[in-house]
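Asks: this is a predicted model, with the sequence first.
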Amino acid sequence: MSVAAPTDLPSDTPRLLLIDGHSMAYRAFFALPVDKFATSTGQPTNAVFGFTSMLANLLRDEAPTHVAVAFDVGRTTFRTEQYEAYKGTRDVTPEPFRGQVPIIKQLLETLHIPAIEKPHFEADDILATLAAQARAQGMQVLICTGDRDAFQLVNDDVTVLYPVKGVSELARMTPDAVEAKYGVRPERYPDLAALVGETSDNLPGIPGVGPKTAAKWIGQYDGLDGVVAHAGDVPGKAGEALRENLEQVQLNRRLNALVADLDLPLGPEDLAARPWDRQELHTLLDELEFRTLRDRLFAMLPDEGEESSAAVAASALELAVLAEGELGAWLAGRSTGLLGLDVRGAGRPAAGDAWGVAIADAAGQAAVFDLAEIAPADERALADWLADAAAPKVVHASKEAWHALHGRGLPLDGVTFDTELAAYLCQPDRRAYDLSDLAIGYLRRELGAGDAQGEGQGAFDLELDRTDEGRRAAVRASAVRDLADVLTAELGDRGATALLSDLELPLVDVLARLEQAGIAIDVDYLTGLEKSFDAQVQDAAAEAYAVIGREVNLGSPKQLQEVLFDQLGMPKTKRIKTGYTTDAAALTDLFARTQHPFLEHLLAHRDAIRLRQTVEGLLRSVGADGRIHTTFQQTIAATGRLSSADPNLQNIPMRTDAGRQIRRAFVVGADYETLLTADYSQIEMRIMAHLSGDEGLIEAFRSGEDLHSYVGSRVFGVPTDEVTAAQRSKIKAMSYGLAYGLSAYGLSQQLSIEVGEASALMQDYFSRFGGVREYLTGVVDQARATGYTATILGRRRYLPDLVSDNRIRREAAERMALNAPIQGSAADLIKLAMLGVDRELRRRGLASRMLLQVHDELVLEVAAGERTEVEELVREQMGHAGDGLPDGPLSVPLDVSVGVGGSWHDAGH
DNA sequence: GATACCACGTA
DNA sequence: CGTACGTGGTATCC
């Protein structure tokens, strides 16, 4: 593309891209986690990565014919000479950043992009000078900088790209954009900045004067000179403040004026983009260990082998121009093949809407529709196709598409592949699966700007639908279609084909209906609860303040540390990054030692504020239908669990009595008879018994005796009915701890016993249940050898850190390896159970429905007269979820307990 | 305004 | 020095 072959470009106006190197690199440094971006030799690379990524995007999207990057030199400039405190508040440059600037310069050299510096001046002055010269030569100029002073350079030929979020999102500051944001034309922006001040430059403004007031004055008096001349006329407090700070304001204005007539070694004509030094670039990228970035950079070049074929495939995308009523025929002509579907819209449960749809086939033929404008015949054809279970479709994040389409009354069926789910099964530890990232990673294809936010935020304008949004939707649909092939192969390699088609994919529809149903809320009750918790907060705070004789922010760990350790002189607790912990365990321990009443009130305050916060969050989430519709996220937890968000209904309090009251607010809906909860007892321990094959543990479950008493009797060598409550709870803690990789030290902490005793307890346990120890060591060894763990359904978790040289990381990975098969197999089982329950409810034509899943528990809403049958089928499906596993049935029974009641609280056990 | 950290709820 | 999450507060950075 442009940089390598400027002649390819539309050859009208030359376009100069100017970048403030230091400013953008610094932004990148703070936008990306430094610990996640380092070479194996420890060289931090987050700033280099962020800067290069941004540069690659700019080269692609802006296709400049000329490029340069300006850098600051040192800290002293003509501005610091005029005003010693200029930029004086800035901290010392962080060490991990400092070393990255030379690397960026090296990289620019391989790209043959000039890096320009001028002692005693700032990068912005260089940009100002070059922009002025370029404009005089008839060029269009783009300036990329995080320094707002550059806004003064904006005009019809000069646009500033200002980072709004990290370095990935740039605001296009044209004259109109500057005026819309600040209320002044660009040339007046420095007047405004002089009045308001600029904290990052340590230039104080006029107290009490913000952009609004400043813009008003500037408009009123025709610029800063006028404001100064008429300072005496400005009324009110602000006017007074202006008069008191006139000198500072004028100084600010002198300092924020950019110098546009520097004598520079290179002029705009010298900045024409040149071919890269590919060899050097490869070498440098090797050193930096940038893999995806290499792909992105070289994907832009023509004739670069594999990359270019992907680029060709993407550009071969052909948007069908369909006349009204032709969609049916278009679809019919493709009825046998898998089609990619992209839905533009909002995918929120019970609040979905879709405004655009793109469909693409394997050959890159695509059709796009604006749902607001679609002709009735085409809408019918589309609706039929979407709802056709026999019309195979691939969608990225199909549950969101389901909700979006549902909002338009368009049922979705026949989704035989979901690229997000497939990528999740292949790489469960990723935290995001943006389509554009997958396209780069698996197809080496750049989808272009505007899709980073993933699902359907983009507007869908008919005027644009053959160009902008419509084309992007088509690009996405086509990428999704092509990804399906690559990911199908990838899933096969990883033994996850059935996991997708038989578990996760069918679950999408089930979850979508759970979310759509939501759970009814007794809002009046919840409001009353909020008041009551609020009163408790006030009381506890007042008492806490009374004890220490002053008011502090009890929610601030920092201020609490002052009170506890400085003012009250209490013994220090466990060290954390920012001092000493004030968590509940530490406070309880401190109270036991000091009996100080402040601690009691503080803990009470913590409890109450937490409960109030939970209630407030729930109240905010209640929909117009009086129900809360959570979102079950299917691609978040690396172990295979679901997670719940907006709001999280998987962490509603249960342990304390006050907390449990919140569960009374979750009630049965008007058209139903009761709520029903069904949960697995000790599912993780049962899975441990199954996976380890330990005869003793298996027998414990088959005997039907209380698990922890049974285990306790073996460990302590006493009859089951003589195991004391204290012994039982120790055993319980240890049993669960084992599944997490608990150490003797950790166990001792939790049980408040000596490490020796904890260690002895574990020894005794393992001497009776040796199969468990063998299993636990074996699972880690195997994972180290294969690189992954696996659940009973073959769900893998890859743990490369098992062979890390870093002990902390390695041991953390070992604990993950212990836990992932257990937690993940439990997740597999309840997902199987959900499919079974759903299938049975529908097969029998029952009106009852599932509402929630909480890891080992299902909550259902039961219709009148269906209670007995629903309970029976739920017990059956959950209890036998482990019967049809690939490697044979579970070797332990699955115990299910069921409760019913008008609220979640009353239906619980 | 965005990110980091703390604290804490669940399984 | 126990796994997996999501949320909301304060503090802190630009």
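Replies: In hand now; what should we look at?
Asks: after the lowest-mean-pLDDT helix or strand in chain A, next one along is what?
Replies: The weakest-scoring helix or strand in chain A, judged by mean pLDDT, DSSP states H and E, is helix A:306-315 (a mean of 42). Next in sequence after helix A:306-315, counting helices and strands by DSSP states H and E, comes strand A:318-319.
Asks: check which helices and strands the very next helix or strand once past that following strand sits against.
Replies: Per DSSP H and E, the first helix or strand lying C-terminal to strand A:318-319 is helix A:327-332. Counting contacts by 3 or more CB pairs under 8 Å, 6 or more residues apart in numbering; DSSP states H and E, helix A:327-332 packs against strand A:365-370, helix A:376-387. The way it works is simple: take the backbone N, C-alpha and C, and place the C-beta from them, glycine included.
Asks: what do you get if the cut-off is 6 Å, keeping everything else the same?
Replies: helix A:376-387 (3 or more CB pairs under 6 Å, 6 or more residues apart in numbering; DSSP states H and E).
Asks: what about the helix it packs on, average pLDDT?
Replies: For helix A:376-387, mean pLDDT rounds to 97.
Asks: now stretch A:46-61
Replies: For stretch A:46-61, the per-residue pLDDT averages 85.
Asks: that stretch and DNA strand C in contact?
Replies: No - Stretch A:46-61 is not in contact with DNA strand C by CB under 7 Å from any atom of the strand; minimum separation 12.3 Å.
Asks: buried set for the longest helix seen in chain A?
Replies: If you go by DSSP state H, chain A has its longest helix at helix A:807-843. Neighbour-count burial for helix A:807-843 flags A:812-814, A:816-838, A:840-841 (criterion: 16 or more other CB atoms under 10 Å).
Asks: ok, now how distant is A:Asp270 from DNA strand B?
Replies: As judged by CB to the nearest atom of the strand, to the nearest Å, A:Asp270 and DNA strand B stand 36 Å apart.
Asks: neighbours of A:His120, how many?
Replies: 14 (other CB atoms under 10 Å).
Asks: pLDDT at it, what is it?
Replies: Value for A:His120, per-residue pLDDT: 91.
Asks: who's in contact with it?
Replies: Going by CB atoms under 6 Å, 6 or more residues apart in numbering, A:His120 touches A:77-78.
Asks: which residues does A:Arg274 contact?
Replies: Contacts of A:Arg274 (CB under 6 Å, 6+ apart): A:His112.
Asks: thinking again about what came up before, and DNA strand C, is the longest helix of chain A touching that?
Replies: Yes - using CB under 7 Å from any atom of the strand, helix A:807-843 reaches DNA strand C at A:812, A:815-816, A:819-820, A:823.
Asks: now the helices for the stretch 101-250 of chain A?
Replies: Ranges of helices in the stretch 101-250 of chain A, per DSSP state H, counting those that start in this stretch, are A:123-136, A:175-182, A:189-196, A:211-221, A:224-229, A:236-244, A:246-256.
Asks: and the stretch 751-900 of chain A, by the same measure?
Replies: Going by DSSP H, counting those that start in this stretch, the stretch 751-900 of chain A shows helices at A:755-768, A:770-786, A:807-843, A:867-879.
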